[in-house]
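Colleague: Quick check, what structure comes out for this input:
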Amino acid sequence: MSLAVLILLPFVGSLVAAFLPANARNAASTVAGAVAVLGLLQVALLFPDIVAGGVLRQKIAWLPDLGLDFVIRVDHPMNLATRTDLA
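Modeller: You can find the predicted model right below:
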């Protein structure tokens with residue numbers, strides 16, 4: 001699964017919930033639970049790579065004519081404490 005799916009999953013879940021009937025509380029809670037479990041599953045699958053010091057990066061061409069890309073990057077939170085290029 002891509003990192004973009006991890007970001008888009010809650011939005012897709014909210015769209016699905018928006019089109020449910022007004023009295024479908026059980027279905028809405030099932031959709032919310034499924035979105036949460038799928039997100040947790042994806043993060044759990046990526047966790048070993050992140051903890052091992054890897055940096056997960058996905059680059060999607062957004063406006064290639066202007067040289068603009070949409071980049072998603074995930075790394076271990078402790079890497080933030082040791083970075084020197086943040087200033």
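
Colleague: Show me the helices in this protein, by range?
Modeller: 3-18, 25-51, 78-82 (DSSP state H).

Colleague: Contact partners for Val74?
Modeller: 3, 46, 50, 55-57 (Cβ atoms under 8 Å, 6 or more residues apart in numbering). In this view, the C-beta of every residue, glycine as well, is placed from N, C-alpha and C.

Colleague: Pull out the buried members of these.
Modeller: Taking 16 or more other Cβ atoms under 10 Å as the criterion, what is buried in the contacts of Val74 is 3, 46, 50.

Colleague: Surely the first one is in contact with Lys59?
Modeller: No. Between Leu3 and Lys59 there is no contact under Cβ atoms under 8 Å: 10.1 Å.

Colleague: Tabulate the helices of the chain (JSON lines), appending mean pLDDT and distance to Leu63.
Modeller: Output for the helices of the chain, formatted as JSON lines (pLDDT from 0 to 100; distance: least, Cβ to Cβ, whole Å):
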{"stretch": "helix 3-18", "mean pLDDT": "91", "distance to Leu63": "16"}
{"stretch": "helix 25-51", "mean pLDDT": "89", "distance to Leu63": "27"}
{"stretch": "helix 78-82", "mean pLDDT": "57", "distance to Leu63": "29"}
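
Colleague: what's the spacing between the residue lying farthest from the centre of the chain and Thr30?
Modeller: In the chain, the greatest distance from the average C-alpha position (Cα atoms, centre = their mean) is reached by Asn23, at 29.6 Å. For Asn23, the distance to Thr30 equals 14 Å [Cβ to Cβ, to the nearest Å].

Colleague: can the helices of the chain go into CSV with extra columns for distance to Ile72?
Modeller: Shown next, in CSV, are the helices of the chain (distance: least, Cβ to Cβ, whole Å):
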stretch, distance to Ile72
helix 3-18, 4
helix 25-51, 12
helix 78-82, 16
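
Colleague: To Phe70, which of these lies closest?
Modeller: helix 3-18 (8.1 Å; Cβ to Cβ).

Colleague: now for the closest one, which elements pack on it?
Modeller: When contacts are defined as 3 or more Cβ pairs under 8 Å, 6 or more residues apart in numbering; DSSP states H and E, helix 3-18 packs onto helix 25-51, strand 56-63, strand 68-74.
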